[in-house]
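**Q** Here is my input, please return the structure:
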Amino acid sequence: MVAVVSVVYLVAAAGIDPYGSYIGQPVSPAILQQLTGVSNSTLDTVGAIAGVNPPANITGPPLTSGGRPEVLFIGGEYCPFCAVERWSLIIALSRFGQFSGIQYMQSSSTDVNPNTPTFTFSGASYTSNYITFLPVEEFDRTGAVRQALTSEQQSLLTQYDTCAGTSSSGGIPFVDIDNAFAVNCGAQFNLDISGDNWTQVATQLNNPNSNTARLIDSAADSLITAICKADGGQPGSVCSQPYATESLAYAQAAPSIASVSFTASAARPEESRWTV
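**A** Coordinates of the predicted model:
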């Protein structure tokens, strides 16, 4: 074990990403179980905490697909703020359905919090009896367009992805829950897990004493609560839990937005909502 750790350290010190070979590979059953298996007890214990903003209340005609409330995610594989938000989103959505085909991903190596361990929804599928999940990975890890937005998706992003007290709009990550709630001013929390690998993060998720778990799980709690409100409280086994009945009161002061450029000529539409 000491030898392995030493090799990883030397590789990282040489500027080589020791985990880059995992990018695009299927997520292992062990990691997926840790993501989807966070206990009710842990989610209840974490609850709402300072430093995590719940989804904002928005108003619009119901956003539905297949006769069910739609959860729309717009992100980019290069984006470190999208990277941390995906952890919470997968935990939350797993309470309502089942994922398959999720792959390992890292955020850009040249952005802030480089090589943040995350996942990509590109090529993944999700089944649920209660909601429809529509993920759009708009950009790949290099910042190139992977999946162009439809006119409807662009309209939703323009209309609802705004930050209170600022003129900023159109940033990612963006999550629209049935046009009733939105993660609309960057990630819900500020967390730097660059330098960690997926196992190091995943093994903390069920530990309410871990700061990493507290931030990720608390954001998941608020997403679960919003989805339960949007889908009429189904399934009852989830939506009756304390973690699914949090207050989503939203009173955001003017945030500090970090917009990061990939190159001097190519601005990236990412935002980070810094919280207190």
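**Q** contacts and neighbour counts: CA atoms only from here.
**A** Will do.
**Q** Look up the closest residue to Ala213, ignoring the ones flanking it.
**A** Leaving aside its sequence neighbours, Ala213 sits nearest to Leu205 (CA to CA, 6 or more residues apart in numbering; 4.6 Å).
**Q** How many neighbouring residues does the one you found have?
**A** The tally of other residues near Leu205 (other CA atoms under 10 Å) stands at 28.
**Q** Now Asp192: closest residue in space that isn't a chain neighbour?
**A** Asp192's closest residue in space is Asn113 (CA to CA, 6+ apart), at 6.1 Å.
**Q** What is the neighbour count of that neighbour?
**A** So Asn113, with other CA under 10 Å, has 19 neighbours.
**Q** wait, the residue nearest to Ala213 sits on Thr36?
**A** No - with contact defined as CA atoms under 8 Å, Leu205 does not reach Thr36; the gap is 9.8 Å.
**Q** quick one: the residue nearest to Ala213 is in a strand?
**A** No - per DSSP: H, G, I helix; E, B strand; the rest coil, Leu205 lies outside any strand segment and is coil.
**Q** wait, what's in contact with it?
**A** Leu205 makes contacts with Gln34, Leu35, Val38, Thr212, Ala213, Arg214, Ile216, Asp217, as judged by CA atoms under 8 Å, 6 or more residues apart in numbering.
**Q** Same check on Ile131?
**A** Going by CA under 8 Å, 6+ apart, Ile131 touches Arg68, Pro69, Glu70, Val71, Phe96, Asp231.
**Q** Apply 10 Å and report the result again.
**A** 64-71, 93, 96-97, 177-178, 227-228, 230-231, 234 (CA atoms under 10 Å, 6 or more residues apart in numbering).
**Q** In ChimeraX, how would I select just the buried ones from those residues?
**A** The buried residues among the contacts of Ile131 can be selected in ChimeraX (16 or more other CA atoms under 10 Å) with this line:
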select :64,68,69,70,71,93,96,177,178,227,228,230,231,234
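**Q** so of the contacts of Ile131, which ones are in helices?
**A** With DSSP state H as the criterion, helices contain Leu93, Ile227, Cys228, Ala230 from among those.
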